[in-house]
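Trainee: Let's see this in three dimensions:
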Amino acid sequence: MGKKSAITVNAEYYCLRALCALVNAVPYRIAMAIARGLANLMVGVFRFKRKRTLSRLSSVFPEKSHAELVAIAKASLANILQTGVEMMRAPKLDRAWMEKYVVDGLGYKKKLQSYVDEGKGVVIMVPHSGNWYMAAWSMAKYGLPLFAIAARQSNPKIDAWMKRQYGDIDVLDRGSSRTLVDIKNKLESGRAFAILPDLRVKQPDVEVDFLGGKANVSHAGALFAVRCGCPIVVAAMRREGGRHIYAHLATLRPDPSAQDRKAEAERLTREAMAILDKEVREHPGHWFWYNKRWILQPVKKPLGI
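Mentor: Sure, this is the predicted structure:
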């Protein structure tokens, strides 16, 4: 991808800032209602990526009716749009806001803090479901020493804007030569590493059964837990009744006697993905079905293999 011109960079950035101003001018509940209405319109009337999305859904839920699949697609797109609204309003989401819209956030922070207090850090795996950003924002607002990684945006001004929106979360650049070392050091200093499992890595990694097919998943998050001897928390955040609810799905611990670290990381990755598969099936309207890099597409094998 070539470098963007200054005109393109500024045009994209100021369009984003104008949209942010509009979203922030509207009361929160109204903005969220508009996002839901827009999702219904996009799926029901304009048929936004509808054929592809319904095909994905029907392959996972063949027992569901067409009307049920459409309802899931609408809920999924609404979650995406509402996440966008909250990203644009992120600087306003203070602790008082969290106490109003996040159910027992402080209680869950204390649970995660208990793992941090063991002194080896904790890896928190959260899927592309509900609002994964809110899970991190709220924990950071309650004082959990949280860090994450994120890819650089192609537009440098939008990249800087997103880093500001992350607020209290310490965000490392994905792909930096220092990132892997920094992650290990931060975990060993007793911090919490929030990671979205990469479900569509380009090179063959860990093949797992997921949503009725095979997914190629990165084992990197689990490998950090194995190397540091820290637990892995598998969790999700759901939207229910206009509020955010934490779902603690499992706590996995590496086997300290495992001789092969990579094999142990692969085992933990498969176990975590089985848990996430169950979560998606039980709450399909929260999952990101619109991801353009569909996780069940086959990985391209190198020539000669």
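
Trainee: So which bits of the helix or strand A33 falls within are buried?
Mentor: Applying DSSP states H and E as the criterion places A33 in helix 28-44. Buried residues in helix 28-44, defined by neighbour count with 16 or more other CB atoms under 10 Å: Y28, A31, M32, A35, R36, L38, A39, N40, M42, V43. For glycine as for every other residue, the C-beta is placed from the backbone atoms N, C-alpha and C.

Trainee: quick one, what contacts the closest residue in space to the fourth one that isn't next to it in sequence?
Mentor: Going back to what we said before, that points to A35. Nearest non-adjacent residue to A35, counting by CB to CB, 6 or more residues apart in numbering: L81, 4.0 Å away. L81 is in contact with A35, R36, L38, A39, counting by CB atoms under 8 Å, 6 or more residues apart in numbering.

Trainee: so how far is H286 from the first one?
Mentor: Per CB to CB, to the nearest Å, A35 is found 15 Å from H286.

Trainee: Skip ahead from whichever strand or helix holds A75 and say which helix or strand is next.
Mentor: Here A75, judged by DSSP H and E, is contained in helix 66-88. Scanning forward in sequence from helix 66-88 by DSSP H and E, the next helix or strand is helix 95-101.

Trainee: Relative to the whole chain's centre, how far out is that following helix?
Mentor: 21 Å (CA atoms, centre = their mean, to the nearest Å).

Trainee: C-alpha coordinates for that helix, CSV please?
Mentor: Listed next in CSV are the C-alpha coordinates belonging to helix 95-101 (Å, rounded to 0.1, in the frame of the first residue of the first chain):
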residue,chain,number,x,y,z
ARG,A,95,-15.5,6.2,35.8
ALA,A,96,-18.9,7.7,36.7
TRP,A,97,-20.1,6.7,33.2
MET,A,98,-18.7,3.2,33.7
GLU,A,99,-20.6,2.8,37.0
LYS,A,100,-23.8,3.7,35.2
TYR,A,101,-23.4,1.6,32.0
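
Trainee: other SSEs contacting it?
Mentor: helix 105-116, helix 132-141 (3 or more CB pairs under 8 Å, 6 or more residues apart in numbering; DSSP states H and E).

Trainee: need those helices in TSV with mean pLDDT, can you?
Mentor: Formatted as TSV, the helices and strands packed on helix 95-101 follow (pLDDT from 0 to 100):
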stretch	mean pLDDT
helix 105-116	96
helix 132-141	92
